[in-house]
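# Give me a model of this one.
(one chain, ligands or ions: 1)
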Amino acid sequence: MKFFLDTANLDQIREAQDLGIIDGVTTNPSLMAKEGIKGQANILKHYVDICNIVDGDVSAEVIATDYEGMIKEGEILAALHPQIVVKVPVIKDGIKAIKYLSSKGIRTNCTLIFTVGQALLASKAGATYVSPFVGRLDDISQDGMELIGQIVDMLNYYEMGTQVLAASIRSPLHIIKCIELGADVATCPLEPILALLKHPLTDSGLKKFLDDYHKLNG
Ligand code: G3P
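Below you'll find the model as predicted:
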């Protein structure tokens, strides 16, 4: 399973890239705002900065919500760098925009997916990725992981080429479940990824190795 880092923070992206554990980055307008990136020129430059740090796909989201606006923005974003994937919301004009962009060879990530039906429509339109939001479903007492399983099964059953990009992933258990269910990608901040390293037997085992070494070697 691939890991994308869900952040617009360049330091965090550099740290994860240096660790060798990420395969791409996802951003959204909220994450860009969190980093204080404003104004179109700065926003576009920031996407290029991210592409220059990380090796894989970098999702950049359109702001327009109408078809013409989305395809115009999508073409501008895609022209920035070969690693850019245009992120489009799963609304009617968004589906049409995905169809257009995919026909032009522009890769897309259909976002804000909360049902298997939304994922089907995005995939039929040619989305490269669909992004179901796990944590936000959990927040309203629905099982976000169940949705990941449904979408993975549906896309496999009908042999559709779209990849499942599990988003709104917030814990190491979410990540483990994504692996079990066969998600193609999980996107999340660095913290839950690093939490996968934690195990008390690793800590106690390492301590014993070092204690035994130092008993003889000082
Ligand atoms: O990729 C979508 C993600 O940024 C949403 O995460 O934690 O805001 O629900 P969250």
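# What is the neighbour count of Lys177?
20 (other Cβ atoms under 10 Å). Where you see a C-beta, it was placed from the backbone N, CA and C, and this is true even at glycine.
# which residues of this protein fall in strands?
When assigned using DSSP state E, the strands of the chain occupy the ranges 2-6, 24-26, 57-61, 84-89, 108-113, 129-132, 163-166, 185-188.
# Mind putting those strands into a markdown table with mean neighbour count and distance to the ligand?
Formatted as a markdown table, those follow (neighbours: other Cβ atoms under 10 Å; distance: least, Cβ to the nearest ligand atom, whole Å):
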| stretch | mean neighbour count | distance to the ligand |
| --- | --- | --- |
| strand 2-6 | 24 | 5 |
| strand 24-26 | 26 | 5 |
| strand 57-61 | 27 | 8 |
| strand 84-89 | 25 | 9 |
| strand 108-113 | 26 | 7 |
| strand 129-132 | 28 | 6 |
| strand 163-166 | 28 | 8 |
| strand 185-188 | 25 | 5 |
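# ok, what's across the strand from the spatially most central residue of the chain?
Closest residue to the average C-alpha location of the chain: Thr187 at 3.5 Å, with Cα atoms, centre = their mean. As for beta bridges, Thr187 partners with Phe4 under DSSP bridges.
# All further residue positions should be reported with the first residue as 17.
Yep, numbering from 17; the last one is Thr203 now.
# Put together a markdown table for the strands of the chain, with mean pLDDT on each row.
As requested, the strands of the chain are exported to a markdown table (pLDDT from 0 to 100):
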| stretch | mean pLDDT |
| --- | --- |
| strand 18-22 | 98 |
| strand 40-42 | 98 |
| strand 73-77 | 98 |
| strand 100-105 | 98 |
| strand 124-129 | 98 |
| strand 145-148 | 98 |
| strand 179-182 | 98 |
| strand 201-204 | 98 |
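# would you turn these into a markdown table with distance to Met170?
Compiled in a markdown table, the strands of the chain are given as follows (distance: least, Cβ to Cβ, whole Å):
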| stretch | distance to Met170 |
| --- | --- |
| strand 18-22 | 20 |
| strand 40-42 | 22 |
| strand 73-77 | 22 |
| strand 100-105 | 20 |
| strand 124-129 | 12 |
| strand 145-148 | 10 |
| strand 179-182 | 9 |
| strand 201-204 | 17 |
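# Quick one, which of those gets closest to Leu226.
Proximity to Leu226 (Cβ to Cβ) singles out strand 18-22 among those, at 29.8 Å.
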